[in-house]
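In: Generate a structure from the sequence data that follows.
(2 chains)
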Protein chains: 2
Amino acid sequence: MMDEEREQRLALEGRAQFSSVEREAVYRAIFERRDVRRNFLPMPIADEVLARLLNAAHHAGSVGFMQPWDFVVVRGAETKRAVKRLFQHTNEAASRRYKKPRAELYRSLKLEGIEESTINLCVTCTRQRGGPHVLGRSTVRDTDLYSTCCAIQNLWLAARAEGIGVGWVSILNHAALKRVLGIPKPVKVLAYLCLGYVSEFAVRPDLETAGWRARLPVRELVHYETWGNRL
Amino acid sequence: MMDEEREQRLALEGRAQFSSVEREAVYRAIFERRDVRRNFLPMPIADEVLARLLNAAHHAGSVGFMQPWDFVVVRGAETKRAVKRLFQHTNEAASRRYKKPRAELYRSLKLEGIEESTINLCVTCTRQRGGPHVLGRSTVRDTDLYSTCCAIQNLWLAARAEGIGVGWVSILNHAALKRVLGIPKPVKVLAYLCLGYVSEFAVRPDLETAGWRARLPVRELVHYETWGNRL
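Out: Presented below is the predicted three-dimensional model:
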């Protein structure tokens, strides 16, 4: 190693550096995070734990520091039941898109844990927040949505570190969901999440285990300098 | 604490549980992650470190296990210069949207580190991957974009744990960027990221420090059961 490089490495030993234990913990959260739809424990999530998760979400970066997200915390059985009915309606239609034997496999999958999870969380994006000229958003308008997704991933990883499973229910009509939760028309729903403690996390994604799809080799997804130029 | 609750807590001591050190490390990555645009060190990012970051991104959840992302790794000075020119062109137009004194503040901000960072990384979303009926995507078509953003956040946090700063350049014309990188028309650009080692991470977001916008109190963003119902 050249002297200059060694010097730079030494500079990294300061504030920027994570210990190897800390670094491995971050990777552990990333690799052990799962989309959880089953085996939720009925143990409640304490208010201070929920506050930590929401604060983690709130500390995502956002375009122009817009912080466009809001969180609707749902605990009531009646609200969950109403959302579950929305899921069932949409999922019935979705299942009709597949032919046998794929249709049978589809119907066997557990795709939500709305009523089994202790907390449901609707994450929204208020697109008008920050006024008409949000810094960095003039070219790519949807960067506010992207920021909100980054917030969701923060929450998902923090939840994993807390032993809390999170499942993202994407099979929902968002217009109908907004009526159930009283969300104003201009506010966009990004995600409906189901949160609850679990005693373990699956080693692999459910859809991989069920044989729905395989994980792609990451090297096939990496290009060098220009698209299609692979190592 | 009731017996049942105690039993459930004990069950958590198993595979699902992070130690308090591990949990704090995950929160540390979340709270110390920054959008970095300056003070990159010229020290190269080793191939195995880059591989870890890309693998972290690849382990985000994705709708229907679609894994719609690709990564274009840019190291060449010429390519970076071409992208920098795209930024300058778009940023000049963006700066004209503000009136004094906001315009002056805008022009004083450092909004990208394209040429100073050792690696640029373009993250894309291939919307056709997985065929016409991707599980969970029939209602909300953009869930593939959301998945890709989750992958970006994984990479961002892993990079923080590696001592690598990441800056998201959103002030770019994506159509022009695709021409520079040879990205096919149907593939969507999600993000253009600048990666490099830094000797420290700012305590607060740059835009907060510069007085562009303040952090919102998180309690104002949390609603209970229905929108607008705050504690």
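In: CA only for contacts and neighbour counts going forward, please
Out: Will do.
In: CA atoms only for the top strand by length along chain A, dumped as CSV, please.
Out: Longest strand of chain A, by residue count under DSSP state E: strand A:187-197. Output of strand A:187-197 as CSV, limited to C-alpha atoms (Å, rounded to 0.1, in the frame of the first residue of the first chain):
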residue,chain,number,x,y,z
VAL,A,187,-51.8,12.9,-0.4
LYS,A,188,-50.4,9.8,-2.1
VAL,A,189,-50.3,6.4,-0.4
LEU,A,190,-46.9,4.7,-0.8
ALA,A,191,-47.2,1.7,1.4
TYR,A,192,-49.3,-0.3,3.8
LEU,A,193,-47.2,-2.2,6.2
CYS,A,194,-48.0,-4.8,8.8
LEU,A,195,-45.7,-4.8,11.9
GLY,A,196,-45.4,-7.3,14.7
TYR,A,197,-42.9,-9.2,16.8
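In: For chain B, see how far away A:Ala191 is.
Out: Computed with CA to the nearest CA, to the nearest Å, the distance linking A:Ala191 and chain B is 9 Å.
In: who does that residue bridge with?
Out: A:Val123 (DSSP bridges).
In: where are the low-confidence patches of chain A?
Out: A:1-15 (pLDDT under 70).
In: Tell me which stretches of it form strands.
Out: According to DSSP E, chain A carries its strands in the segments A:69-74, A:119-126, A:164-168, A:187-197, A:222-224.
In: Which residue comes closest to A:Val36 once chain neighbours are left out?
Out: Distances taken as CA to CA, 6 or more residues apart in numbering or on different chains put A:Gly167 closest to A:Val36, at 4.5 Å, once the chain neighbours are dropped.
In: ok, back up a step: counting contacts, what elements does the longest strand of chain A pack onto?
Out: When contacts are defined as 3 or more CA pairs under 8 Å, 6 or more residues apart in numbering or on different chains; DSSP states H and E, strand A:187-197 sits against strand A:119-126, helix A:143-161, strand A:164-168.
In: would TSV of these with mean neighbour count be doable?
Out: Compiled in TSV, the helices and strands packed on strand A:187-197 are given as follows (neighbours: other CA atoms under 10 Å in any protein chain shown):
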stretch	mean neighbour count
strand A:119-126	23
helix A:143-161	28
strand A:164-168	28
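In: and of these, who's closest to A:His133?
Out: helix A:143-161 (12.1 Å; CA to CA).
In: is any part of that closest one close to chain B?
Out: Yes: Helix A:143-161 is in contact with chain B by CA under 8 Å from any CA of the partner chain, via A:143, A:145-147, A:149-150, A:152-154, A:157-158, A:161.
In: what sits opposite the residue nearest to A:Val36 in the beta ladder?
Out: Beta-bridge partners, per DSSP bridges, of A:Gly167: A:Cys194.
In: sorry, back to before: compile the residues of helix A:143-161 next to chain B into a markdown table and extend it with columns for distance to B:Phe31.
Out: A markdown table is the format used below for those (distance: CA to CA, whole Å):
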| residue | distance to B:Phe31 |
| --- | --- |
| A:Thr143 | 21 |
| A:Leu145 | 20 |
| A:Tyr146 | 18 |
| A:Ser147 | 15 |
| A:Cys149 | 16 |
| A:Cys150 | 13 |
| A:Ile152 | 14 |
| A:Gln153 | 13 |
| A:Asn154 | 10 |
| A:Leu157 | 13 |
| A:Ala158 | 11 |
| A:Ala161 | 14 |
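In: on that earlier part again, my guess is the residue nearest to A:Val36 contacts A:Leu195. True?
Out: Yes: A:Gly167 lies in contact with A:Leu195 (CA atoms under 8 Å); the separation is 6.7 Å.
In: how about JSON lines for the strands of chain A, with distance to A:Glu208 added?
Out: Compiled in JSON lines, the strands of chain A are given as follows (distance: least, CA to CA, whole Å):
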{"stretch": "strand A:69-74", "distance to A:Glu208": "30"}
{"stretch": "strand A:119-126", "distance to A:Glu208": "25"}
{"stretch": "strand A:164-168", "distance to A:Glu208": "16"}
{"stretch": "strand A:187-197", "distance to A:Glu208": "20"}
{"stretch": "strand A:222-224", "distance to A:Glu208": "22"}
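In: Nearest to A:Val36, out of those?
Out: Comparing the strands of chain A by CA to CA, strand A:164-168 comes nearest, at 4.5 Å.
In: Now find how far off-centre the closest one is within its chain.
Out: Chain-centre distance of strand A:164-168: 8 Å, with CA atoms, centre = their mean, to the nearest Å.
In: could I have it exported to CSV, CA atoms only?
Out: What follows is strand A:164-168, C-alpha atoms only, in CSV (Å, rounded to 0.1, in the frame of the first residue of the first chain):
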residue,chain,number,x,y,z
ILE,A,164,-40.2,-6.9,14.6
GLY,A,165,-41.3,-8.3,11.3
VAL,A,166,-42.7,-6.0,8.6
GLY,A,167,-44.8,-7.0,5.6
TRP,A,168,-45.6,-4.7,2.7
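In: Against which helices or strands is that strand packed?
Out: Short answer (3+ CA pairs under 8 Å, 6+ apart): strand A:164-168 packs on helix A:143-161, strand A:187-197.
In: CA-only coordinates of the first one in CSV, if you can.
Out: Output in CSV follows, covering the C-alpha atoms of helix A:143-161 (Å, rounded to 0.1, in the frame of the first residue of the first chain):
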residue,chain,number,x,y,z
THR,A,143,-38.0,12.0,-6.2
ASP,A,144,-40.3,12.8,-3.3
LEU,A,145,-41.8,9.3,-3.7
TYR,A,146,-38.3,7.9,-3.9
SER,A,147,-37.4,9.6,-0.6
THR,A,148,-40.4,8.1,1.0
CYS,A,149,-39.4,4.6,-0.1
CYS,A,150,-36.0,5.2,1.5
ALA,A,151,-37.8,6.1,4.7
ILE,A,152,-39.7,2.9,4.5
GLN,A,153,-36.5,0.9,4.1
ASN,A,154,-35.0,2.6,7.2
LEU,A,155,-38.0,1.5,9.2
TRP,A,156,-37.9,-2.0,7.8
LEU,A,157,-34.3,-2.5,8.8
ALA,A,158,-34.7,-0.8,12.3
ALA,A,159,-37.7,-3.2,12.8
ARG,A,160,-35.5,-6.2,12.0
ALA,A,161,-33.0,-5.0,14.6
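In: Quick one: list the elements packing against that helix.
Out: Using 3+ CA pairs under 8 Å, 6+ apart, helix A:143-161 is in contact with helix A:20-32, helix A:47-58, strand A:119-126, strand A:164-168, strand A:187-197, helix B:20-32, helix B:143-162.
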